[in-house]
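> Below are the sequence and a predicted model; questions follow.
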Amino acid sequence: MVQGKHAELIEAIEAKLDDHFEALKRDIVETLGVYLEKAETVFDPENIKWVQTNGFSGPYQRYPAKGEKVELTQDYKALLKWLKEHNGKATYRGFFYWLFSDGATIGRKKRR
């Protein structure tokens with residue numbers, strides 16, 4: 001009789017642990033998915049071949065140079081995606097970035 005109660009208790013504990021670990025697994029998978037989605041938008045703007053130029057408000061950098069084609073590097077694609085997520089304008093690491101009306105050219109200017 002006592003052994004039967006112990007067996008029932010052990011089965012109940014195992015079932016609870018199975019439920020707990022399954023929920024924990026789902027949470028970890030979901031959290032990793034969110035992390036990886038954000039990690040894909042990581043970029044280093046210094047890896048982009050910026051061209052110095054002048055505009056109405058003074059000097060700035062742009063990529064690509066006027067009349068040149070874009071090189072679709074990972075950094076460029078991630079920066080472009082990030083800018084689109086921020087309505088085409090944002091500040092990052094001391095620079096103000098903006099997206100030109102063509103949707104592919106990016107400008108940047110040092111923040112004062």
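Structure's in. What do you need?
> For the biggest helix by length in the chain, which helices and strands make contact with it?
The helix that spans the most residues within the chain, counting by DSSP state H, is helix 2-39. Helix 2-39 sits against no helix or strand, with contacts defined as 3 or more Cβ pairs under 8 Å, 6 or more residues apart in numbering; DSSP states H and E. (C-beta placed from N, C-alpha, C; glycine too.)
> Going along the chain from it, find the next helix or strand for me.
For helix 2-39, the following helix or strand on the C-terminal side (DSSP states H and E) is strand 51-55.
> May I have that next one exported as CSV, CA atoms only?
The C-alpha coordinates for strand 51-55 follow below in CSV (Å, rounded to 0.1, in the frame of the first residue of the first chain):
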residue,chain,number,x,y,z
VAL,A,51,31.9,59.1,-49.8
GLN,A,52,32.5,62.7,-48.5
THR,A,53,30.3,65.3,-50.2
ASN,A,54,28.6,68.6,-49.7
GLY,A,55,24.9,69.5,-49.5
